[in-house]
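# Pasted the sequence and its predicted model underneath.
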Amino acid sequence: MFSKTCSYALKIMIFLASVDRRKERVSVKDIADGIGSPKAFTAKVLQQLSKSKLIRSIPGPGGGYYLPEDADYNLVEIMAAINEDHVLTACALGFEECSSANPCPVHHQFVAAREEMRKTFDRITISRLSKSVEEGKSNLLE
């Protein structure tokens, strides 16, 4: 359902939320290993998240990536920060011009489903998801 970029961004945020409780800064390599993603691609996604100010970084020895104190973003905020929230607004069939005035064949059925998905993603926070990982109820690696 999500693009690779979006999947990795969500995994990165969940991973950082779980280590943030220990106030650690995490290297690109450790993040990539922790979520099972290629290091170079992970670095690009980290740059996007850092540029959007969802995460912070400190360069050099002892540096790394971390979440700002008390950061608890929801999925919509993370998706928007990396320009991947189009899943919540785009036409189901990929039409550029799809609206109530000019609907695609599935427009009216999809609008309600998409709105419900947005509400759900708005309620899901990274702290909730990281807690699930920490408790062993879910994982970040396949």
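On my side now, so go ahead.
# Tell me where the chain has helices.
Taking DSSP state H, the helices of the chain run over residues 4-20, 28-35, 39-51, 75-81, 107-123, 126-134.
# Same list, those helices, but as a markdown table with distance to residue 90 please.
(Each C-beta comes from the backbone N, C-alpha and C, glycine too.) Shown next, in a markdown table, are the helices of the chain (distance: least, Cβ to Cβ, whole Å):
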| stretch | distance to residue 90 |
| --- | --- |
| helix 4-20 | 13 |
| helix 28-35 | 26 |
| helix 39-51 | 19 |
| helix 75-81 | 12 |
| helix 107-123 | 9 |
| helix 126-134 | 24 |
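# Need the winner for burial among those helices.
The highest mean neighbour count among the helices of the chain, using mean count of other Cβ atoms under 10 Å, belongs to helix 4-20: a mean of 22.
# Same question for stretch 82-101: list its buried residues.
Of all the residues in stretch 82-101, those buried under the rule 16 or more other Cβ atoms under 10 Å are 82, 84-85, 88, 91, 98.
# for stretch 132-142, same thing?
For stretch 132-142, burial by neighbour count (16+ other Cβ under 10 Å) applies to 133, 140.
# And it, end to end?
15 Å (Cα to Cα, to the nearest Å).
# Please apply the same query to stretch 14-29.
16 Å.
# now what about it, what contacts it?
Stretch 14-29 has contacts (Cβ atoms under 8 Å, 6 or more residues apart in numbering) with 31, 34-35, 39, 42-43, 46, 55, 58, 62-67, 71-72, 126-127, 129-130, 133-134, 140.
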